[in-house]
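Chemist: for reference, the sequence and a predicted model appear below.
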Amino acid sequence: MSNLRVLDLVIIALYLVGMVAVGVYFSRRNVNPEQYSSASGLIPGWAIGLSIYATFLSSNTFLGVPGKAFGTNWNAFVFSLSMPLAAWVAARYFVPFYRSTGEISAYTHLEHRFGSWARTYAVICFLLTQLARIGSIFFGIALTLQALTGFSMELIMLITGICIIVYTVLGGIEAVIWTEVVQGVIKTFGAGLILYLVVDNLPNGVADVVRIGEQHGKFSLGGFAPDFTQSTFWVVLLYGFFINLNNFGVDQNYVQRYHTAASAQQASKSIWLCVWLYVPASLLFFVIGSALFAYYQVHPELIEAVKLKVAAEKLPLTATAAQISQAAAQLAPADYGDKVMPHFMVTKIPAGFVGLIVSAILSAAMSTISSGMNASATVFTADIYQRYFKPDLDGRGMLRLLHLGTVVVGLAGMGVGIAMIGVKSVLDVWWELSGIFAAGMLGLFLLGVIGRQTRNAEALTATIIGVLVILWMTFSGKLPEELAAFRNPLHKSMIIVVGTLTIFLVGLLLSRLRRHKYSQETPTPARHSVV
């Protein structure tokens, strides 16, 4: 670990030991599954809000957003601008609904509404989404720590994964929330520290960031033309609204936290606290990306090492130095954006500060992974094992199953992260996978809540049609040239938008057709006049 000084190692070790200690502390309270999954509804709203904020502010944000801003512009920031509207819908309708049901799982209602198939389908979509999220976050953290330590990405994922599994299994949702409160503060401080150090290394400070950013269009939010084939302002806004509505309204990670609050009002306030913290925090990471771009424009010779490394990873092991140099010269900023911040940390941040920033990056990863593991284990226990295998599972058996499920999800997420090694952009991969898996789940849930007259057969038909549309939009780009006319013309971020609306609108249409047919087949009673 030659890239880290002793002081940095001590800071990182203290942070990891502290997180595990929190899990050990709260393990004494986890004597039943209710305490493990909902903390008996005793968590204050402000802590839940900070916890949700920390989950949103994952390593995908910490690394992917600066990498995206470095390689392109601020188009992805529109995602954050969509959050207030999604939060309003969730706080107004979803939180009171979940609190009134009393069900710890977000998906039990779907079985009451449409049958067991609907619940199972939503659970499968949720678990796939969590594996994609956890895997992308493991990959993001390994990408950074590899540059700092020289260790393989696989080993880094294994070590950090074990630490996360230990404190999550021991402490349950209470440990998850309180560690996320600390992690939210650490990662925000770390981001501010990075920005200060980047700007401080520029000759003219902020003026260089603004000047160079304007010259290269780094502050653009995307085109405003109604074009849904490119990543325009409107495409990202729609994508952000549907994804955030899925997060706040359907995702077990967030729904489970609503049950840890003392009241529905406290749960709703936690959503708004998350929004008012996350929107400016995400802007901070875009500013970091633009500042890094300005820094390496001022010092272009310092980025050559990154470009050569990326080029070498893309070429065979037998490639010559000349071939690597030629490939490096052809790379665009988007090709190596995710590796820029780790490189800056290695070369420009003084001892001690590196340890703090690595702890912040670990916080960004651990907060989201731990909540995903806990929520996935809860869903597996309540919606799969209890539902189909052992309905009479006692409290002790359920607690053991929650522990086992947490471990299995953590290990599976590590496997997904390892499979992602070599991808171009962490943020792009996560956005694409989450859009695919979340589309069907959100569409079916909206149909169940809003389409009050929709029946089981209509919901099933709409879901099948919606899934076929999602699969076509996802994979039609691989069709051969002679079938190019059948490829999806829309941008991949529109998958969740079109998929969700397909299920919802087709379900409503089928319900209306059934009612219309019934009204035609049922004779209207004759009216008799009274003399």
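Modeler: Perfect, thanks for sending it.
Chemist: quick one: average pLDDT of the helix ranked longest in the chain?
Modeler: Scanning the chain for the helix with the most residues, using DSSP state H, yields helix 153-200. For helix 153-200, mean pLDDT rounds to 84.
Chemist: contacting residues around whatever helix or strand comes next after it?
Modeler: Once helix 153-200 ends, the next helix or strand along the chain (criterion: DSSP states H and E) is helix 206-215. Identification of contacts with helix 206-215 by Cβ atoms under 8 Å, 6 or more residues apart in numbering yields 199, 202, 204, 218-219, 287, 290-291, 293-295, 297-298. In this view, the C-beta of every residue, glycine as well, is placed from N, C-alpha and C.
Chemist: in ChimeraX, how would I select the buried members of those residues?
Modeler: Of these, the buried ones go into a single ChimeraX selection, burial set by 16 or more other Cβ atoms under 10 Å:
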select :199,202,218,219,287,290,291,293,294,295,297
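Chemist: the longest helix of the chain vs helix 206-215, what angle?
Modeler: Between helix 153-200 and helix 206-215, the angle comes out at 110 degrees (axes from the mean of the first three to the mean of the last three Cα atoms, to 10 degrees).
Chemist: circling back to that earlier point, possible to save the contacts of helix 206-215 as a markdown table with distance to Val408?
Modeler: Output for the contacts of helix 206-215, formatted as a markdown table (distance: Cβ to Cβ, whole Å):
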| residue | distance to Val408 |
| --- | --- |
| Val199 | 44 |
| Leu202 | 47 |
| Asn204 | 53 |
| Lys218 | 42 |
| Phe219 | 44 |
| Val287 | 39 |
| Ser290 | 41 |
| Ala291 | 41 |
| Phe293 | 41 |
| Ala294 | 45 |
| Tyr295 | 43 |
| Gln297 | 46 |
| Val298 | 48 |
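Chemist: in TSV: the contacts of helix 206-215, plus secondary structure and distance to Asn374.
Modeler: Below are the contacts of helix 206-215 laid out as TSV (DSSP: H, G, I helix; E, B strand; the rest coil; distance: Cβ to Cβ, whole Å):
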residue	secondary structure	distance to Asn374
Val199	helix	38
Leu202	coil	42
Asn204	coil	47
Lys218	coil	38
Phe219	coil	38
Val287	helix	32
Ser290	helix	35
Ala291	helix	35
Phe293	helix	37
Ala294	helix	40
Tyr295	helix	39
Gln297	helix	43
Val298	helix	45
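Chemist: out of the contacts of helix 206-215, flag the one nearest to Pro391.
Modeler: Val287 (52.4 Å; Cβ to Cβ).
Chemist: what about the closest one, distance to Val65?
Modeler: To Val65, Val287 is 10 Å away according to Cβ to Cβ, to the nearest Å.
Chemist: try Met345
Modeler: 16 Å.
Chemist: neighbour-wise, which of the two wins?
Modeler: Val65 (30 against 20; other Cβ atoms under 10 Å).
Chemist: nearest spatial neighbour of that one, chain-adjacent residues omitted?
Modeler: The shortest distance from Val65 to any non-neighbouring residue, by Cβ to Cβ, 6 or more residues apart in numbering, is to Phe285 (4.0 Å).
Chemist: neighbours of the one you found, just the number please.
Modeler: Neighbour tally, Phe285, other Cβ under 10 Å: 26.
Chemist: and it, what does it touch?
Modeler: 61-62, 65-66, 69, 191.
Chemist: do the same with Gly355
Modeler: 4, 7-12.
Chemist: and Ala351, helix, strand or coil?
Modeler: What DSSP: H, G, I helix; E, B strand; the rest coil gives for Ala351 is coil.
Chemist: correct me, but it touches Arg5?
Modeler: Yes: assessed by Cβ atoms under 8 Å, Ala351 is found in contact with Arg5 at 4.3 Å.
Chemist: higher neighbour count, the two?
Modeler: Using other Cβ under 10 Å as the criterion, Ala351 and Arg5 rank with Arg5 on top: 15 against 12.
Chemist: and the more buried one, what's its pLDDT?
Modeler: The model's pLDDT for Arg5 equals 75.
Chemist: could you do Val236 as well?
Modeler: 92.
Chemist: and it, what element?
Modeler: helix 233-249.
Chemist: buried set for that helix?
Modeler: Neighbour-count burial for helix 233-249 [16+ other Cβ under 10 Å]: 233-249.
Chemist: tell me the spacing between Gly417 and Asn247.
Modeler: For Gly417 relative to Asn247 (Cβ to Cβ), the value is 21 Å.
Chemist: typed the wrong thing, it's Gln130
Modeler: 12 Å.
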